[in-house]
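Undergrad: What follows is a protein structure lacking sequence information:
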C-alpha cells in the first residue's frame, strides 16, 4: 500500500489551515457575542428573535470549526488566540450605537464573510473546503435586515444617509483589519497566496486584487438591496 | 368515520395549552437573552463558549415552542405577551452582579425549568407532552457550572456563603413569580389544576403541594452538587 498524498503532510499547509480555522472560529464566536448584544436593542420581540436566530447560526458555525480543530489535535482556543485582538479591535471600533447600525453591521459582516469563505474555499483541501462552505453565513438568516432597513428609511429618509456612511466605514475597517491579519500571519498568508515551495498553490497579487474587487462589488450590491448608497 | 376525540376540541384546554406554550416560549427566549449577557462576564473564552452553548440550546427550545404555536394558528408573540412583564420583573430582580452569580442563576433556572416541564407533562395531551419533554433543559449544557462553582469555592471559601444566599433568593423569587402567573392566568391554571368541567383532569391542591415539595428537594440536591448550602 502506498499512502495517499495528504495536503496535511506539508507542515506549512497544516499550520496555515489551523490558522484559518482559528481565524474563522474566533470570527464566528465574536460575531455571535456581538449579535446577542445587538438583540437587546431590538425594538420588538419578533426582531429580537431574528437577531437571536443569526447569533445561534454563528454559534453552530463556531462549533463545527472548533470540532475540526479538535480533530486536528489542536487546542481550539490556542488556535484562536492570535486573532482575538484583531477582532476585538474591529468590534470596538465599529460598536453600533443604534439597533439599525447593529443590523447593518450584521448584514454587511455576514455577507462579506460568506463571500470570503467562498473565495478561499478554492485553495483548500477537499475536507477543509467542505467544512468552510458548510459554515457559510448568508443562509438567509440576515434577510430580515432588508425589510427592517427599508422600512426605517421609508419612515425617515435621513436615516438612509447616515446608515450609508456607517456601512462605508464598516467596509473600510473590515478591509484594514483583514490586511493586518494577512501581514502578521505568514502561515495563513502562504495558504492563500501560495509560497515558494508550492508554486501555483495559491493566489498571486493580481488574483488578490481581483478578489478584493469582487468582494467590494458584492458589498455594493448588498448596499443597494438595503436601499443604501454604497 | 367518527372523529377521534381531541383534547383541543375543548376550548378551555386549547387556551390553557396556548398559555403554557407562550409561557415556556417567553421563558426560553428571555433566558437565552440573559445568558448571552452573562457570557460577556466570562473570565475566559472556553467558559464563554459553554455559556453561549446554553443560550443556543434555549433558543432552539424557543423555536420548537414557537413553531407549535404557529401550527396551532396562533400568533406566537401574542401568546407570549401575557408573560413578558412577569419574566422581565423576575430577571430585573435577579440581575447577577458577577459571572458566578450568572452561572448559578443559569444552573438553578435550568434545573428548575426541567423539573417543572417533567411535572406538567403528565397533564398534557400526547403531542404537547412530547414537545414539552423534548424542550427540556438540563441536557448537560449546564454541567460545566458545577466545576466552575466548586473551583471558585476552593479558591475562596467565602464565595460559597455568598452564592448560597444568592441561590436561596433566586428560588424564592422564582416561586413567587410562578405564584403570580398562576393567580393571573385562569386558563393555564385550569390545565394544571383541573377544573369543574373536567374533574380529575389536573392536580388538586394536595398534588400541587407535593409538586412544590419535589421541586424544592430537587433544588436542594442541585445546591449540594454545587457545594452550596441550600
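TA: That came through, no problem. Everything numeric in this text was worked out from a predicted model, so none of it was measured.
Undergrad: Let me know how buried residue A:170 is, in neighbour terms.
TA: 22 (other C-beta atoms under 10 Å in any protein chain shown). All C-beta atoms are positioned from the backbone trio N, CA, C, and that covers glycine.
Undergrad: meant to ask about residue A:184, not that
TA: Neighbours around residue A:184, by other C-beta under 10 Å: 13.
Undergrad: what about the nearest residue in space to it that is not next to it in sequence, helix or strand, and which?
TA: Spatial nearest neighbour of residue A:184, chain neighbours left out: residue A:82 (7.5 Å); criterion: C-beta to C-beta, 6 or more residues apart in numbering or on different chains. In the assignment (DSSP states H and E), residue A:82 maps to helix A:76-93.
Undergrad: Residue A:124 too?
TA: When elements are assigned from DSSP H and E, residue A:124 belongs to no helix and no strand.
Undergrad: any idea of the angle whichever helix or strand comes after the helix holding residue A:82 forms with helix A:76-93?
TA: Heading C-terminal from helix A:76-93, the first helix or strand you meet, by DSSP H and E, is helix A:99-121. Orientation of helix A:99-121 against helix A:76-93 (axes from the mean of the first three to the mean of the last three C-alpha atoms, to 10 degrees) gives an angle of 140 degrees.
Undergrad: Return the residues of chain A in contact with chain B.
TA: A:29, A:32-33, A:36-37, A:39-40, A:45-46, A:48-49, A:52-53, A:55-56, A:59-60, A:62-63, A:66, A:77, A:80, A:84 (C-beta under 8 Å from any C-beta of the partner chain).
Undergrad: Would you confirm that the residue nearest to residue A:184 contacts residue A:22?
TA: Yes. If you go by C-beta atoms under 8 Å, residue A:82 and residue A:22 touch, sitting 6.8 Å apart.
Undergrad: and these two? which has more neighbours close in?
TA: Using other C-beta under 10 Å as the criterion, residue A:82 and residue A:22 rank with residue A:22 on top: 26 against 16.
Undergrad: thinking again about what came up before, which elements pack onto the helix holding residue A:82?
TA: Packing contacts for helix A:76-93, counted by 3 or more C-beta pairs under 8 Å, 6 or more residues apart in numbering or on different chains; DSSP states H and E, involve helix A:11-39, helix A:45-71, helix A:158-184, helix B:45-71.
Undergrad: how about a cut-off of 10 Å?
TA: Other helices and strands packing on helix A:76-93, by 3 or more C-beta pairs under 10 Å, 6 or more residues apart in numbering or on different chains; DSSP states H and E, are helix A:11-39, helix A:45-71, helix A:99-121, helix A:158-184, helix B:45-71.
Undergrad: looking at those, which has the lowest confidence?
TA: Ranked by mean pLDDT, the helices and strands packed on helix A:76-93 bottom out at helix A:158-184, with a mean of 87.
Undergrad: Can you report how many residues lie near the residue lying closest to residue A:57 once chain neighbours are set aside?
TA: Once flanking residues are discounted, residue A:57 sits nearest to residue A:141: 5.0 Å by C-beta to C-beta, 6+ apart. By the criterion of other C-beta under 10 Å, residue A:141 has 19 neighbours.
Undergrad: Pretty sure residue A:141 sits in a helix.
TA: No. Residue A:141 sits outside any helix when classified using DSSP: H, G, I helix; E, B strand; the rest coil, being coil.
Undergrad: What is the burial count for the closest residue to chain B within chain A?
TA: Nearest residue of chain A to chain B, counting by C-beta to the nearest C-beta: residue A:36, 3.3 Å away. Close neighbours of residue A:36, defined as other C-beta under 10 Å, add up to 27.
Undergrad: Not including adjacent chain positions, what is the nearest residue to it?
TA: Excluding its sequence neighbours, the residue lying closest to residue A:36 (C-beta to C-beta, 6+ apart) is residue B:36, at 3.3 Å.
Undergrad: Can you give me every residue that contacts the one you found?
TA: Taking C-beta atoms under 10 Å, 6 or more residues apart in numbering or on different chains as the contact definition, residue B:36 lies against A:32-33, A:35-37, A:39-40, A:52, A:55-56, A:59, B:51-52, B:54-56, B:58-59.
Undergrad: isn't the residue nearest to residue A:184 right next to residue A:25, touching?
TA: No. Using C-beta atoms under 10 Å, residue A:82 makes no contact with residue A:25, being 11.6 Å away.
Undergrad: Quick check on residue A:142: phi, psi?
TA: Main-chain dihedrals, residue A:142, degrees, to the nearest 10: phi -100, psi 0.
Undergrad: so who does it touch?
TA: Contacts for residue A:142 were tallied using C-beta under 10 Å, 6+ apart; they are A:35, A:50-51, A:53-54, A:57, A:103, A:106-111, A:114, A:222.
Undergrad: Let me have the helices and strands packed on helix A:76-93 in a markdown table, adding distance to residue B:206 as columns.
TA: Converted to a markdown table, these look like this (distance: least, C-beta to C-beta, whole Å):
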| stretch | distance to residue B:206 |
| --- | --- |
| helix A:11-39 | 43 |
| helix A:45-71 | 38 |
| helix A:99-121 | 49 |
| helix A:158-184 | 59 |
| helix B:45-71 | 30 |
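Undergrad: Looking at those helices, spot the one closest to residue A:128.
TA: Minimum separation from residue A:128 across the helices and strands packed on helix A:76-93 (C-beta to C-beta) falls at helix A:11-39, 5.5 Å.
Undergrad: Check the gap between the residue lying closest to residue A:150 once chain neighbours are set aside and residue A:142 for me.
TA: With sequence-adjacent residues excluded and distances taken as C-beta to C-beta, 6+ apart, residue A:150 is closest to residue A:227, at 5.0 Å. Computed with C-beta to C-beta, to the nearest Å, the distance linking residue A:227 and residue A:142 is 15 Å.
Undergrad: Could you report the neighbour count for residue A:67?
TA: For residue A:67, the neighbour count with other C-beta under 10 Å is 13.
Undergrad: Was I right to think it contacts residue A:76?
TA: Yes. Contact criterion C-beta under 10 Å: residue A:67 and residue A:76 qualify, at 8.3 Å.
Undergrad: if I look at these two, which residues touch both of them?
TA: In contact with both residue A:67 and residue A:76: residue A:25, using C-beta under 10 Å, 6+ apart.
Undergrad: In contact with residue A:220: list those residues for me.
TA: The contact partners of residue A:220, taken as C-beta under 10 Å, 6+ apart, are A:167, A:171, A:228, A:229, A:230.
Undergrad: can you pull the contacts of residue A:19?
TA: Contacts for residue A:19 (C-beta under 10 Å, 6+ apart) come out as A:79, A:80, A:82, A:83, A:181, A:185, A:186, A:187, A:188, A:189, A:190, A:191.
Undergrad: Right, I'll call it a day here.
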